[in-house]
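> sharing a sequence plus its predicted fold:
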Amino acid sequence: MLLYIHGFNSSPLSDKGVVTAQYLAKHYPELNFHQPQLPSDPKEAMTLLSAEVESAIKAGEKLAYIGSSLGGYFASYLAETYGGKAVLINPAVTPFELFDDFIGPQYNPYTDEHYQVLPEHKEQVATFNTEVILNPDRFLVLLQSGDEVLDYRQAVKKYHCCQLIIQPGGDHSFVGYDKQMQSICQFLFS
């Protein structure tokens, strides 16, 4: 099973989500691919993701994840907790440190959802922190230095022992993501 995990205020309908789904449908049509819309509540999001992973484990499937931004943070937790390989795209390293800037009303343009980020969401997200990567062989981390949302150097520091691809420039969306799909799949499925 491959679980695609979108970021904060995003959706499977984001550019990366659509590119991933189209590539996998063409090149890996037999793959059990899940791309859920995550609830805005972090605890509910992790409950949903964990249920997907536990279902795959019961079915005897290998685990793989692609996580973008906050989804990369969640993918790190899942890969370290349950096993499997993870590709992280401009992952959030300590997103709970950024939550104060987002407390209050939010709008997700992909889902047309209006919701609230609450102070307790910061604490919920912090419970999924993997301070130290214990299984670096499980991770491929793609970073662009021009990320305007997250400081890519934090990810370099955290994932220094993992396979890293660091590109100059770009942005938080990871410019040229579609050109990485073959390498991503080689890492996840080899």
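Received it, and whenever you're ready, just let me know what you need.

> count the residues that sit near the closest residue to Gly7 other than its chain neighbours.
With C-beta to C-beta, 6 or more residues apart in numbering as the measure, Ser69 is the residue that lies nearest to Gly7, at 3.1 Å, once sequence neighbours are left out. C-beta here means a position set from N, CA and C on the backbone, and glycine is covered the same way. Residues near Ser69, counting by other C-beta atoms under 10 Å, number 27.

> contact partners for Ser69?
With contacts defined as C-beta atoms under 8 Å, 6 or more residues apart in numbering, Ser69 is in contact with His6, Gly7, Phe8, Ser10, Ile89, Asn90, Pro91, Ala92, Val149, Leu150, His172.

> correct me, but Leu31 touches Leu24?
Yes - judged on C-beta atoms under 8 Å, Leu31 makes contact with Leu24 at a distance of 5.7 Å.

> those two: which has the busier surroundings?
Shown here are Leu31 and Leu24; by other C-beta under 10 Å, Leu24 has more neighbours (19 against 16).

> how about the residue nearest in space to the middle of the chain, secondary structure?
To find the centre residue of the chain, average its C-alpha atoms and take the closest one (C-alpha atoms, centre = their mean): that gives Gly67, at 1.8 Å. With DSSP: H, G, I helix; E, B strand; the rest coil as the basis, Gly67 sits in strand.

> just give the closest residue to it, not the sequence neighbours.
Counting by C-beta to C-beta, 6+ apart, the residue nearest Gly67 is Ala75, at 3.0 Å.

> which SS state does that neighbour fall under?
Here Ala75 is recorded as helix under three-state DSSP.

> name the residues of the longest helix along the chain that are buried.
When the chain is scanned for its longest helix (criterion: DSSP state H), the result is helix 42-58. Within helix 42-58, the residues that count as buried by 16 or more other C-beta atoms under 10 Å are Pro42, Ala45, Met46, Leu48, Leu49, Glu52, Val53, Ala56.

> roughly how far apart are the fourth one and Leu31?
Looking back up the chat, that one is Leu48. As for Leu48, its distance to Leu31 is 20 Å (criterion: C-beta to C-beta, to the nearest Å).
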